[in-house]
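Trainee: 3D model of this:
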Amino acid sequence: MSLIKLIENPERGEWDEWLARPAMTAANLEEPVRKLLQSVRLGGDAAVRACTREYDKVLLEDFSVSKEDWESAAGRLDENLKQAIRQAREHIEKFHRGQISEEPGVETGPGIRCWRKAVAIDPVGLYIPGGTAPLFSTLLMLGIPARLAGCTEIVVCTPPLADGSVHPAILFCASELGISRVFRIGGAQAIAAMAYGTETVPKVNKIFGPGNQYVTEAKKIVQQEGTAIDMPAGPSELAIFADDTADPACIAAFNGLRSVDILVNNAGIVREGAALEQNESDWDAVIDTNLKGMFLLAQAAAKGMKERGTGGSIINIASILGLRQAGGVLPYAVSKAGVVQMTKVLALEWARYGIRVNAIAPGYFNTDLNSDLWETNLGKAMLKRVPQRRLGQLEDLDGPLLLLASDAGAYMTGSIIVVDGGHLVSSL
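Mentor: Below you'll find the model as predicted:
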């Protein structure tokens, strides 16, 4: 099932049409959206049903998801996608669990003690775009914090597809999070249903989630009337110009970097061999990938951070081989030493823009690429050099990454964090 509409090789005369931004202004939006909201407030399910028929071209008697759709959702998805969703859930949950804390009270005077207390919002409404671009990732990023916060009643509204169903990826994510109240309602009418309540959709106390300009306008209006919202979402259109010599994947990646706030920057290839036997092409390949490539990625991200005035965090992945000597991998060691020095120079230059640049230097880690090595005699000998007598796992990088990416590391820039089980200090 395609998630993105592709327009391939449009005629030159059509370019202006495809690249034109929406011309609707807020003033033009407010009146029709207010009328729609009022119709739902007064008409309940019947008004929502009429809006769904008019705007989504779907006639629904029941807004709830059928039992058959719930049961078939997982089977309609590729196994790789399901695994990616589960992995994303694990990472998002781990990040947000790290934000949970018990704050100590402060005694401001005799008998006066002040503290902050976080209280879950119930019911809470999540709007998940699901028409031309089903943003199931949004459900993960909103639903997981809601669950961790202790919200017991989570209401999800998402637009129906042309056949009246909900995209299976959205249902799969909801099932993974234990969310069962999913309604096939999109657009401003979904915001109205959650803000006012209908015969089917319960009234919520706060609405989260992005949407088009009509959804955004509806959220702004219901906020004025007493229903809390997260924030109005801005536009996310993107146009990329490239000729037939460009690599589409690289173009997309570099352009995407202009809008990131946090970049974990990693590139690494190895060409083994004694220094006397290294050839120029191997040397160039390693340096171009591991050092030049990382600089260009960091530069692209930093330009976006500077232009937006937001600052940000860039975390370069170096290696302990950039901090110590090892034979047989000269180009790799030199490239990673260059990453260490580059990190410090960029930290110096970009601090004035609010951009923090730090690096992590991992030691011996177990990954899918090298798992076979650690079963060999050479691998077992290498492991003996690590004082902790174990390989690093990818989870061992979570703490340092979260530190450097979050406000907890706000005063850190130009730092190199070594994560190697004590290998570097052992001198082995």
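
Trainee: just the CA coordinates of stretch 287-297, formatted as CSV?
Mentor: Once non-C-alpha atoms are left out, stretch 287-297 reads as follows in CSV (Å, rounded to 0.1, in the frame of the first residue of the first chain):
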residue,chain,number,x,y,z
ILE,A,287,38.7,9.4,4.2
ASP,A,288,35.9,10.5,1.9
THR,A,289,33.3,8.4,3.7
ASN,A,290,34.4,8.6,7.3
LEU,A,291,35.7,12.2,7.5
LYS,A,292,34.6,14.2,4.5
GLY,A,293,31.1,12.6,4.4
MET,A,294,30.6,13.3,8.1
PHE,A,295,31.7,16.9,7.7
LEU,A,296,29.2,17.5,4.9
LEU,A,297,26.4,16.0,6.9
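
Trainee: For that stretch, which outside residues touch it?
Mentor: If you take C-beta atoms under 8 Å, 6 or more residues apart in numbering as the criterion, stretch 287-297 is touched by 254, 257, 263, 265-269, 316, 331-332, 334-336, 338-339, 342. To be clear about C-beta, it is placed using only N, CA and C from the backbone, and glycine gets the same treatment.

Trainee: go on, stretch 337-354?
Mentor: So stretch 337-354 is in contact with 287, 290-291, 294-295, 298, 302, 305-306, 309-312, 314, 316-319, 322-323, 356-359, 361, 413-414, 416, going by C-beta under 8 Å, 6+ apart.

Trainee: wait, isn't Val106 in contact with Ile112?
Mentor: No. Contact status for Val106 versus Ile112: not in contact, 9.2 Å apart, counting by C-beta atoms under 8 Å.

Trainee: so where is the stretch 1-150 of the chain shaky, pLDDT-wise?
Mentor: Counting by pLDDT under 70, the stretch 1-150 of the chain has low-confidence residues at 1-5, 19-27, 131-133.

Trainee: go with 80
Mentor: Counting by pLDDT under 80, the stretch 1-150 of the chain shows low-confidence ranges at 1-9, 12, 15-28, 103, 131-134.

Trainee: Which stretches in it count as strands?
Mentor: Assigned by DSSP state E, counting those that start in this stretch, the stretch 1-150 of the chain shows strands spanning 106-109, 112-114, 124-127.

Trainee: Is it possible to get TSV of the ones you listed that adds mean neighbour count?
Mentor: Listed next are the strands of the stretch 1-150 of the chain as TSV, based on neighbours: other C-beta atoms under 10 Å:
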stretch	mean neighbour count
strand 106-109	9
strand 112-114	9
strand 124-127	28
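
Trainee: Mind checking those strands for the one nearest to Gly422?
Mentor: Smallest distance to Gly422 across the strands of the stretch 1-150 of the chain (C-beta to C-beta): 39.0 Å, for strand 106-109.

Trainee: other SSEs contacting the closest one?
Mentor: Helices and strands touching strand 106-109, by 3 or more C-beta pairs under 8 Å, 6 or more residues apart in numbering; DSSP states H and E, are strand 112-114.

Trainee: residues making contact with stretch 92-110?
Mentor: Outside stretch 92-110, the residues that touch it by C-beta under 8 Å, 6+ apart are 113-116, 140-141, 144-145, 148, 398, 402.

Trainee: What's the end-to-end length of that stretch?
Mentor: One end of stretch 92-110 sits 42 Å from the other (C-alpha to C-alpha, to the nearest Å).

Trainee: from now on call the first residue 741
Mentor: New numbering, starting at 741: the last item is stretch 832-850.

Trainee: Show me which positions of that stretch end up buried.
Mentor: Neighbour-count burial for stretch 832-850 flags 832-833, 835-836 (criterion: 16 or more other C-beta atoms under 10 Å).

Trainee: now do stretch 1152-1168
Mentor: Of the residues in stretch 1152-1168, 1153, 1155-1161, 1163-1164 count as buried by neighbour count, 16+ other C-beta under 10 Å.

Trainee: and that stretch, average pLDDT?
Mentor: In this model, stretch 1152-1168 has an average pLDDT of 90.

Trainee: Next up, the contacts around Lys946.
Mentor: The neighbours of Lys946, taking C-beta under 8 Å, 6+ apart as the test, are 861, 864-865, 967-970.

Trainee: so where do the helices sit in the stretch 791-940 of the chain?
Mentor: In the stretch 791-940 of the chain, the helices defined using DSSP state H, counting those that start in this stretch lie at 807-812, 819-837, 876-889, 908-917, 927-936.

Trainee: tell me the most buried of the ones you listed?
Mentor: helix 927-936 (a mean of 28; mean count of other C-beta atoms under 10 Å).

Trainee: before we move on, back to that, tell me the one of the contacts of stretch 832-850 nearest Thr1107?
Mentor: Asp1138 (14.8 Å).

Trainee: what about the helix or strand in which that closest one is found, distance to the chain center?
Mentor: Here Asp1138 sits within helix 1138-1145, counting by DSSP states H and E. For helix 1138-1145, the distance from its own C-alpha centre to the chain's C-alpha centre is 15 Å (C-alpha atoms, centre = their mean, to the nearest Å).

Trainee: Check stretch 851-868 too.
Mentor: Here the centre of mass of C-alpha atoms in stretch 851-868, compared against the chain's by C-alpha atoms, centre = their mean, lies 24 Å away.

Trainee: No further questions, thank you.
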